[in-house]
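Undergrad: Sequence below, structure please.
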Amino acid sequence: MGLFDFLIAKKPTANIAKDRLRIIVAHERSGRGTSPDYLPMLQRELLEVIRKYVKVDDEAVKVDLIGEGDNKVLDISVALPENAA
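TA: This next block holds a predicted model:
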């Protein structure tokens, strides 16, 4: 090791690994498409819970993921029948 090796600050390997992991995670998230894998399962489970209390059709529950800038919003719509009260 030379004298200049002490003067030049090297980036620790842990930081390099963390930066690479961030890049991989960001790439995986962008490659998925617009909706995560869990949305259809969430929609089915919500429909099952709602059916315990109200008789609704299969299309009564809609679950979407809406992007607003850097944030994502989970939009859940439930269409109740007229006589649900």
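
Undergrad: Verify the contact between residue 73 and residue 63 for me.
TA: No: contact criterion CB atoms under 8 Å: residue 73 and residue 63 do not qualify, at 11.5 Å. From N, CA and C alone the C-beta is placed, and that goes for glycine too.

Undergrad: neighbour-wise, which of these two wins?
TA: Neighbour count, other CB atoms under 10 Å: between residue 73 and residue 63, residue 63 has more, with 20 against 9.

Undergrad: Endpoints of stretch 47-62, how far apart?
TA: Stretch 47-62 has an end-to-end distance of 9 Å (criterion: CA to CA, to the nearest Å).

Undergrad: could you give the mean pLDDT of it?
TA: For stretch 47-62, the mean per-residue pLDDT is 88.

Undergrad: May I see the buried residues of it?
TA: Within stretch 47-62, the residues that count as buried by 16 or more other CB atoms under 10 Å are 47, 50, 56, 60, 61.

Undergrad: hey, where'd the helices end up in this structure?
TA: With DSSP state H as the criterion, the chain has helices at 3-7, 13-31, 39-51.

Undergrad: which one of the ones you listed has the lowest average pLDDT?
TA: helix 3-7 (a mean of 56).

Undergrad: Tell me how many other residues crowd the closest residue to residue 73 other than its chain neighbours.
TA: Distance criterion CB to CB, 6 or more residues apart in numbering; nearest residue to residue 73, sequence neighbours excluded, is residue 66 at 4.7 Å. Number of residues near residue 66 (other CB under 10 Å) recorded here: 10.
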